[in-house]
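[1] give the three-dimensional model of this entry:
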Amino acid sequence: MAARGGLGDGADAGVETITGMWKIEEIPKIYLTALCAWREARGCSVEAIRGVLHVIDNRARQGVGHVEVILKSKQFASFTPESAEATRFPGADDRLFHQILEFTEQVIMGQDPDLTGGATAYYDSSVRPDWAETMTRTAQMGTFVFLK
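    Have a look, this model is predicted:
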């Protein structure tokens, strides 16, 4: 994606946008949210990927912010230092990542229906974390169980 609006030329400083609608300072939110979904749900269904995006967004809407939600310690396995996923990044030609970026924009703008039922957490059904016991199951997409 190319930045528009005079990036680097000094014109309209502070109002540069990406994809025609995002301010430059919002890029970390969009990129990190998409990267988290790519790392966490790559290889899963489109619905599961969107579900992960909605979990991030649902938490962020509680007043914390997308970047803070993702980078909070021990919240997303792919962002923990001991995870092999923590050092993986999509290539420039990764079509799935580009699709996830589009989903991310739709979710953040409120234009994607929340199939998770307002979930603020999820886990892979191959494990059953202790913290899930106190939460209400809202949906399941593939192997991902969503809760709030």
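[2] from now on I want contacts and neighbour counts done on CA atoms only, so please keep to that.
    OK.
[3] how about the strands in this structure?
    Here the chain has its strands, by DSSP state E, at 3-4, 17-18, 22-23, 121-124, 137-141, 144-147.
[4] least reliable of these by average pLDDT, please.
    Note on the strands of the chain: lowest mean pLDDT is at strand 3-4, with a mean of 32.
[5] lowest-confidence helix or strand of this structure?
    strand 3-4 (a mean of 32; mean pLDDT, DSSP states H and E).
[6] any weak-confidence spans in the chain?
    1-25 (pLDDT under 70).
[7] please redo it, this time with the cut-off set to 90
    1-28, 81 (pLDDT under 90).
[8] quick check: buried residues in stretch 54-74?
    Residues of stretch 54-74 classed as buried by neighbour count (16 or more other Cα atoms under 10 Å): 54-60, 66-67, 69-70.
[9] what of stretch 80-95?
    Across stretch 80-95, burial judged by 16+ other Cα under 10 Å covers 80, 85.
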